[in-house]
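J.: mind folding the following:
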Amino acid sequence: MEERQVARNEPPASRLRQGIEPSGFRCYERTAMQRVDFRTASAGLQSILLLLLSISAPLGWSQHTSPAEASRQNANQAPKSASSAPETSKEDWSSLSLEGSNLHASSPILGEKDNYPDFTRELLQVQWRSGDPIDLYIILPKGVKNPPVIFYLYSYPSDTNTFLDQDFCKLVTRNGFAAIGFVSALTGHRYHDRPMREWFISELQESLASSVHDVQMILNYLATRGDLDTDHVGMFGEGSGATIAILTASVEPRLKVLDLLDPWGDWPDWLAKSPLIPKAERGDYLKPEFLKRVEPLDPIKWLPQLQSRAMRLQEASYEKVTPDTAKKRIENAMPPTAQIVRYRDSQALEDTASEGKFFDWIKEQVRLSVADKSTVRPSVSQVLNLDSKWENPTYCLNGLNGQIRAFERWNFRVRAVPLGQH
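T.: Sure thing, here's the model as predicted:
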């Protein structure tokens, strides 16, 4: 295990700055849309990927071992005690809760601990399945005892580089919050020893259910540490990560707040129309047996049952990884007190994020739950439509019998519109 004191003026090219572009594009709240081909042509897969709230690493880094990979290698070379080897585990992917599974966690291995002026960051390797070690990042604010916890889970196919950036870590721990980061099953460093025909979508039941189990197992571990408040937990999820957040909340009462950016769901329609899926494979995912396996994992089924949770749905209306029809059904399934924000173009989302307040909503809601105000919720559904013009976003309040009211929120000029006009 390595522990370092890190100075404020650490050079941008240092190992903890991996993933920062030379131009100094350092703010993880600034959003970029990139479409990349992540599978080889010989495998017949060309997919459109949504990389939001992340930074592309310079090509020069591709020839070097990443800090996470170096720590994994060190952890793998470390002597293992009898307790560090995971016991034989049985896992039920048809169940979202851990009750149908028998997962045994091995002793966490601390690979690295970095000490910054504003936060500390631990990189641990945790494991409860054979051949599936997970890089777990625990980022703690300085000077805060037992801070509340927020999970950050980005969409397939993201990796853990986000959690290595100093600016991101300062942002998510600001105002006294702990941040927990990892990647979902069959994603990033967790995709290995598989034939290329097996990937996140082809194994969708495993990908989602295993990741839901992972959140619960991580929470169980965090509760044993004694330095975190694991009774008041929020989760920010993007894409498939947002779907996993919804599914986890359906079985995990400690998860009080959900902040969802473009969740996947409505599987029959999503699998039929999403451009993420190669045409050559789409037919396999529309077969009745495949749809039956993922039916219990559709967030549309669970969203109406989460009325006790504070919830925000953020939609990038211009992004088509999730078809418009599926987006509409997901929105319609949201609890009546959920807040809905629609970004009509990429500049609107980027402008919102660039102010450094993108995660303020989830922090505020988690803080309310800590103050035993978890039952305090907006009395009406809130819908905010934003575009890059900013001068005239529309703020829709459902449940007000069509009344029009003026509001000043988020330092924007907004106006309410009658139901049916949004």
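
J.: which neighbouring elements make contact with the longest helix along the chain?
T.: When the chain is parsed with DSSP state H, its longest helix is helix 204-225. Under the contact criterion of 3 or more Cβ pairs under 8 Å, 6 or more residues apart in numbering; DSSP states H and E, helix 204-225 touches strand 119-126, strand 134-141, strand 148-153, strand 229-238, helix 240-249, helix 288-294. To be clear about C-beta, it is placed using only N, CA and C from the backbone, and glycine gets the same treatment.

J.: listing request: residues of the stretch 251-400 of the chain with sub-threshold pLDDT.
T.: Within the stretch 251-400 of the chain, the segments meeting pLDDT under 70 span 372-382, 387-400.

J.: the helices in it, which residues?
T.: For the stretch 251-400 of the chain, the helices defined by DSSP state H, counting those that start in this stretch cover 267-273, 279-285, 288-294, 299-302, 324-333, 346-354, 360-370.

J.: can you redo those helices as JSON lines with mean neighbour count and distance to residue 163?
T.: Converted to JSON lines, those look like this (neighbours: other Cβ atoms under 10 Å; distance: least, Cβ to Cβ, whole Å):
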{"stretch": "helix 267-273", "mean neighbour count": "20", "distance to residue 163": "28"}
{"stretch": "helix 279-285", "mean neighbour count": "13", "distance to residue 163": "31"}
{"stretch": "helix 288-294", "mean neighbour count": "14", "distance to residue 163": "29"}
{"stretch": "helix 299-302", "mean neighbour count": "20", "distance to residue 163": "25"}
{"stretch": "helix 324-333", "mean neighbour count": "18", "distance to residue 163": "27"}
{"stretch": "helix 346-354", "mean neighbour count": "19", "distance to residue 163": "17"}
{"stretch": "helix 360-370", "mean neighbour count": "19", "distance to residue 163": "17"}
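
J.: which among the ones you listed is found nearest to residue 198?
T.: helix 279-285 (11.2 Å; Cβ to Cβ).

J.: give me the contact list for that closest one.
T.: 44, 45, 201, 202, 204, 271, 272, 277, 290, 291 (Cβ atoms under 8 Å, 6 or more residues apart in numbering).

J.: now with 7 Å?
T.: 44, 201, 202, 271, 277, 290 (Cβ atoms under 7 Å, 6 or more residues apart in numbering).

J.: and for residue 337, the neighbour number?
T.: By other Cβ atoms under 10 Å, 18 other residues sit near residue 337.

J.: ok, now the one 3 residues further on?
T.: Look at residue 340: counted by other Cβ under 10 Å, it has 20 neighbours.

J.: swap in residue 230?
T.: Neighbourhood size, residue 230 [other Cβ under 10 Å]: 19.

J.: wait, it touches residue 222, no?
T.: Yes: with contact defined as Cβ atoms under 7 Å, residue 230 reaches residue 222; the gap is 5.0 Å.

J.: residues shared between the contacts of these two?
T.: With Cβ under 7 Å, 6+ apart, residue 230 and residue 222 have common neighbours residue 149.

J.: using CSV, write down the CA coordinates of stretch 271-290.
T.: The C-alpha trace of stretch 271-290 is given here as CSV (Å, rounded to 0.1, in the frame of the first residue of the first chain):
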residue,chain,number,x,y,z
LEU,A,271,-33.5,-3.0,-27.7
ALA,A,272,-35.4,-2.6,-30.9
LYS,A,273,-34.3,0.9,-31.7
SER,A,274,-31.2,1.9,-29.8
PRO,A,275,-28.2,2.7,-32.1
LEU,A,276,-25.9,1.2,-29.5
ILE,A,277,-26.9,-2.3,-30.7
PRO,A,278,-25.4,-3.6,-33.9
LYS,A,279,-27.9,-4.6,-36.6
ALA,A,280,-26.4,-8.0,-36.9
GLU,A,281,-27.2,-8.7,-33.2
ARG,A,282,-30.4,-6.9,-32.7
GLY,A,283,-32.6,-9.9,-33.6
ASP,A,284,-31.1,-12.0,-30.8
TYR,A,285,-32.1,-9.4,-28.2
LEU,A,286,-35.7,-9.3,-29.4
LYS,A,287,-36.3,-13.0,-28.9
PRO,A,288,-38.9,-13.8,-26.3
GLU,A,289,-36.5,-15.7,-24.1
PHE,A,290,-34.1,-12.7,-23.9
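
J.: end-to-end on stretch 301-319?
T.: 23 Å (Cα to Cα, to the nearest Å).

J.: list the contacts of it.
T.: 33, 50, 246-247, 249-250, 256-262, 327, 331, 333-335, 337-346, 349, 361, 365, 377.

J.: for residue 199, which non-adjacent residue is spatially closest?
T.: Using Cβ to Cβ, 6 or more residues apart in numbering and skipping the chain neighbours, the partner closest in space to residue 199 is residue 186 (6.5 Å).

J.: residues contacting the one you found?
T.: Per Cβ under 7 Å, 6+ apart, neighbours of residue 186: 199, 200, 203, 207.

J.: secondary structure of it: a helix, I assume?
T.: No: per DSSP: H, G, I helix; E, B strand; the rest coil, residue 186 lies outside any helix segment and is coil.

J.: what pLDDT does it get?
T.: Reported pLDDT at residue 186 in the predicted model: 98.

J.: residue 209 versus that one, what's the distance?
T.: 12 Å (Cβ to Cβ, to the nearest Å).

J.: now residue 259, which residues is it bridged with?
T.: residue 236, residue 312 (DSSP bridges).

J.: neighbours around residue 225, how many?
T.: 11.

J.: tell me the pLDDT at it?
T.: 97.
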